[in-house]
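next one to model:
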Amino acid sequence: MKNKKLWCLVGAVLIIFSLTSCKSNEDNATLNESTTLNAFYNETVIETVYNTETSVIVTTENNIQNTTQSVVSEVTTNVVKVETTETYDEYSKWSKAKIVEEYKNAAIKSSASVKSQQKIIMKDLKINGGENEKMMSFIKSIITKFLESNSTEINGITGGYENLVVDDVSSASACKSGEGVAIEMTLCEQTSGTKEDENSGSVGHAISTIGDISDIVKDLNDRGLSLELSANEEDTKIYYTNPTINVVINDNGEIVSGTWKCTVTISMDNLKAFGKDVENVTIVMDNTITL
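Down below sits the predicted model:
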């Protein structure tokens, strides 16, 4: 009887341990299942985040690359433009000697085929500083008509350009004009006496001068203005101021347009007008030649 109870007790204990074991296995299985799900979830999330970050980085790098290429392209374009501009205005680098040479060659080449128009305008006339207004008005009317009659057409390019030298020019510049080049020169001012060759001196070489003033006095006498110059040549001076040349030379090396200008001031001391002694007569004129 006692043995039967003992075996019953042993059996009960075994049943309890069996149930405990099953519960433990179920818990382990549940734990393993949970761990597996968590690992899968974490791996998926990490991979997703990593892929997202990678995508962002790649996109940013592409933007940087595109932006960099755009900036480089813009800088390259600007550099090319600067180089083109410098080549376009190569004439601005010409020296004064080069400009004088090009002008002379163009004048020689063009002279046989062009005609220029000269216009002389009186700006001022004074006799004895303006004392004798009646005489001054009469002389002015005669000289004005004389100048108008001498505003005539000139064959070829004016001046003794064959003899033009660098020392005749105080400043010079050149720049591109259409398919050719525009040249601007300021000449050295000149002072002449009564008897000078019209193509001598800095102004004579490039524009021309009055020449021998005695020929002009003779023409004025023929028009009714009785003048007699002083025997002393030092009493008569002619001043050429503000002498300039502006011309355009085409790609064939010919002058196609131009303006030659200067102000001419004639000062005559100790002369006779209508048989009367006159201390001084000063005439100021603008001389302009256009092509």
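
stretch 102-116 spans what distance, first to last residue?
The first and last residues of stretch 102-116 sit 20 Å apart, counting by Cα to Cα, to the nearest Å.

and it, average pLDDT?
For stretch 102-116, the mean per-residue pLDDT is 93.

in that stretch, what counts as buried?
102-104, 106-107, 110-111, 114, 116 (16 or more other Cβ atoms under 10 Å). The way it works is simple: take the backbone N, C-alpha and C, and place the C-beta from them, glycine included.

what of stretch 231-238?
Within stretch 231-238, the residues scored as buried using 16+ other Cβ under 10 Å are 235-238.

quick one: low-confidence parts of the chain?
The chain contains residues with pLDDT under 70 at 1-88, 129-135, 150.

show me it divided up by domain.
1-88, 91-290 (automatic domain parsing).

what ranges do the strands span in the chain?
115-127, 153-155, 169-177, 180-187, 190-192, 227-228, 236-249, 255-273, 276-290 (DSSP state E).

skip the chain neighbours and tell me the closest residue to V278.
L271 (5.5 Å; Cβ to Cβ, 6 or more residues apart in numbering).

how far away is the one you found from T194?
11 Å (Cβ to Cβ, to the nearest Å).

shared neighbours, these two?
Taking Cβ atoms under 8 Å, 6 or more residues apart in numbering as the criterion, L271 and T194 both touch 229, 236.

in contact with K272, which residues?
Shown in contact with K272 (Cβ under 8 Å, 6+ apart): 226-228, 278.

that older thread, can you tell which of the strands of the chain is closest to K98?
strand 169-177 (8.0 Å; Cβ to Cβ).

which elements pack onto that closest one?
helix 96-110, strand 180-187 (3 or more Cβ pairs under 8 Å, 6 or more residues apart in numbering; DSSP states H and E).

what separation do you get for A172 and P243?
Going from A172 to P243 by Cβ to Cβ gives 13 Å.

between those two, which has more neighbouring residues?
The neighbour comparison of A172 against P243 (other Cβ atoms under 10 Å) goes to P243, with 26 against 21.

the more buried one against C262, yeah?
Yes: judged on Cβ atoms under 8 Å, P243 makes contact with C262 at a distance of 3.9 Å.

hey, what's in contact with both of these two?
Here P243 and C262 share the contacting residues 187, 203, 207, scored by Cβ under 8 Å, 6+ apart.

count the neighbours of the first one for me.
Using other Cβ under 10 Å, L187 has 26 neighbouring residues.

so how far is L229 from it?
Going from L187 to L229 by Cβ to Cβ gives 27 Å.

what of the last one?
The span separating I207 from L229 equals 24 Å under the rule Cβ to Cβ.
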